[in-house]
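**Student:** this is a predicted model, with the sequence first.
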Amino acid sequence: MQGKVDAITGLVTAECVEIALQSTKPVNSMHFSDYGVKALSMALAVHEDTIREKPDMVRRFVKATNRGWDESIKNPAEAAKIGKKHFPHAEEHLLKAKFEAVAPLMHTDATTGKATGWMAESDWDGTLAVLKELSGLKTDEPASAFYTNDFIPTN
């Protein structure tokens with residue numbers, strides 16, 4: 001923001017939003033996906049024991065999380081107000097802009113029309129390929145070993 005660097009890395013829904021809104025200079029965000037990198041980002045991680053022992057709790061948690069995201073996408077201004085209430089140091093206009101930045105990233109081509117959080121095996125295949133190539137992930141497990149859609153609400 002001070003014009004001292006040419007580029008930085010950051011989340012397109014966090015630092016990139018803040019810098020674009022606060023910089024006096026033009027800012028461009030380069031999405032990895034625009035350059036052929038297929039990689040999923042945010043997720044809910046649940047221990048297999050919890051899934052086995054408390055599946056109803058997991059189902060309710062996923063349903064509540066999805067409802068929160070869906071409502072935030074529908075009304076980012078209200079979501080920002082709620083966020084400000086719980087995080088008083090946050091700037092409401094930046095929170096709103098971040099929720100707006102999330103909306104177009106909630107689904108991939110393979111998940112459009114599906115419920116929030118529903119994942120496609122092809123997206124996981126791409127993510128695993130990136131992790132194997134760039135971070136040294138060693139696995140022979142199929143993509144289906146890393147995710148489930150079993151807890152995604154259908155209504």
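**Tutor:** Arrived safely. Here the structure is a predicted model, which means the values were calculated and not measured.

**Student:** which residue is nearest the centroid of this structure?
**Tutor:** Centre of the chain computed as the mean C-alpha position; nearest residue by CA atoms, centre = their mean is residue 42, 3.8 Å away.

**Student:** got the phi/psi numbers for that residue?
**Tutor:** Dihedral angles of residue 42 (phi, psi; degrees, to the nearest 10) stand at phi -70, psi 150.

**Student:** check residue 148 too.
**Tutor:** According to degrees, to the nearest 10, residue 148 has phi -150, psi 150.

**Student:** any idea how many residues pack against the nearest residue to it once chain neighbours are set aside?
**Tutor:** Here the nearest residue to residue 148 in space, its sequence neighbours aside, is residue 51; by CB to CB, 6 or more residues apart in numbering that works out to 7.9 Å. (Each C-beta comes from the backbone N, C-alpha and C, glycine too.) Burial of residue 51, expressed as a neighbour count using other CB atoms under 10 Å, amounts to 15.

**Student:** cool, and residue 142?
**Tutor:** If you count neighbours by other CB under 10 Å, residue 142 ends up with 11.

**Student:** max-length helix in this protein?
**Tutor:** helix 55-74 (DSSP state H).
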